[in-house]
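**Q** Predicted model and sequence below, questions to follow.
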Amino acid sequence: MRPIFLLSFVASAYALQDTFPSDPVGDLTVPILYSDQTGTATAWLASGESGVCSTGTKQSPIDIKMAEAKIPTVDPGMPMLNNFSPKQSFSIDFGPDGTDGAGLAIYQTDFGIDAADFGVPTLTGGPLDAGDSYNFVFGEFKWHDTTDTLGSEHSIDGTFAPLELQLVHLKSSAAALTAGSAVLATSDWNTHVKAVVDASTVPDPSAVAVVNYQFEIDTVDNPALADIITALEAHTLGTAEDYIGTTYNMSALLNPANTNMLEDYYYYDGSLTMPTAVEADFATMGCNEIVRWILPTTKLPISKSQLTAIRAAASSVAIEAIQGPSLARSIQTNANTVYHRKKPTSTDIWKSLATSLLSVGTFGLVHTFLTQPDTAKALTENPIVDVLADFEQRFVNPTAAASQRSAPNHHHHTPQF
């Protein structure tokens, strides 16, 4: 998780070269190159100079094996992305020279906290710890230059997506993020991450939360990608930023047609997916295991022509010449426990309601009242009786219900509309 293509809501006070850990001041001693992740002298594996990239036990990305993903014993519910509004404004720019893993940054001109600003987008709920809120920091698009069968960092049952968007959020309520290191403090991303790492010998495993969307090829263009691609096509590596405008609707990309993309997802605790490029932090920073990954099972659409346009943009070509065709860390083999939160079916919802009602005795009281002779007579033509009867038959007393359904005089009331 580090940019090739970044969507970023960061303070205008952030200089671009300071915004991400990929852009330190000065030249790198060891370039970070996706094309060389196996050399022992590289930033990925250099002894004592690659953080936990080579020694960690919960590294990312991983191949998610669907059959092995565990169903959580308690439903964590659906996480919520908040305040991704078309009122936000964006500009784009690149890192300095492409040798540090940096790519195209798209960032908000204002920080979102002034009276005239619309506010910082947030992530809450779902598999995140109760009471925790996360502020959106930046996003990353990753793709492969030559093939549609690679591109994403994560794979599912060995299958990669041609494009992947990682929305990166920083916890705003953890003790490790106080004293100027919370996301609302105007300091660079590396400072935020370092504050988490330095706060404890066992850093917070969910200090960062990433919502990881994968794309699939569709027959028509995705209109929510149009403004991003247009800005990318107009940009050149090493030049000033390009302004996108104030009308881009991020929510249209993340939740097309209000489809509740986050109802069904995988989640697990893992790591950042890049070494640090800050020379002074080589020993402790890099691939730090502080990320809770959330991967929706439903994919977003992108057309073949749009993917071709992304690859053909001058900035993309320049980055590919430096980094090679892939902009992803290789799959890591660890013992990460992956969970699958499945979208509830109607039966699941009924069962949940039944459990909740019976746990407080509410259903028994209501059902007794409504089935008293006088009450039942008054409600003969009211469909609520059928609703409650069906409720009992399905979940409270299914054995008796089965016998009743087989009885010759069994009948239903005709609902009145």
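**A** Noted; the coordinates are in hand.

**Q** going forward, measure contacts between C-alpha atoms and count neighbours the same way
**A** OK.

**Q** in the protein, which helix or strand is least confident?
**A** Every helix and strand in the chain was compared by mean pLDDT, DSSP states H and E; the lowest is helix 16-19, with a mean of 31.

**Q** Skip ahead from it and say which helix or strand is next.
**A** Per DSSP states H and E, the first helix or strand lying C-terminal to helix 16-19 is strand 63-64.

**Q** got the CA positions of the helix or strand just after that next one in PDB?
**A** Following strand 63-64 in sequence order, the next helix or strand is strand 79-82 (DSSP H and E). Listed in PDB are the C-alpha atoms of strand 79-82, where the atom choice follows Å, rounded to 0.1, in the frame of the first residue of the first chain:
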ATOM      1  CA  PRO A  79     -18.600  -0.300   7.500                       C
ATOM      2  CA  MET A  80     -19.600   3.200   6.600                       C
ATOM      3  CA  LEU A  81     -17.700   5.600   4.400                       C
ATOM      4  CA  ASN A  82     -18.900   9.100   5.200                       C
END
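
**Q** For strand 79-82, give me every contacting residue.
**A** Here strand 79-82 makes contact (Cα atoms under 8 Å, 6 or more residues apart in numbering) with Pro121, Thr122, Leu123, Thr124, Gly125, Gly126, Pro127, Leu128, Leu262, Glu263.

**Q** and the fourth one, helix, strand or coil?
**A** This means Thr124. Assigned with DSSP: H, G, I helix; E, B strand; the rest coil, Thr124 falls in the strand class.

**Q** right, and it touches Asn135 too?
**A** No. Taking contacts as Cα atoms under 8 Å, Thr124 lies outside contact range of Asn135: 9.1 Å.

**Q** Settle it for me: which of these two has more neighbours?
**A** Using other Cα atoms under 10 Å as the criterion, Thr124 and Asn135 rank with Asn135 on top: 24 against 20.

**Q** circling back to that earlier point, export the contacts of strand 79-82 to TSV and tack on pLDDT?
**A** Converted to TSV, the contacts of strand 79-82 look like this (pLDDT from 0 to 100):
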residue	pLDDT
Pro121	80
Thr122	86
Leu123	92
Thr124	94
Gly125	95
Gly126	96
Pro127	97
Leu128	95
Leu262	93
Glu263	94
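
**Q** could the residues you listed go into TSV alongside distance to Val197?
**A** Below are the contacts of strand 79-82 laid out as TSV (distance: Cα to Cα, whole Å):
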residue	distance to Val197
Pro121	24
Thr122	22
Leu123	21
Thr124	22
Gly125	24
Gly126	24
Pro127	22
Leu128	19
Leu262	29
Glu263	31
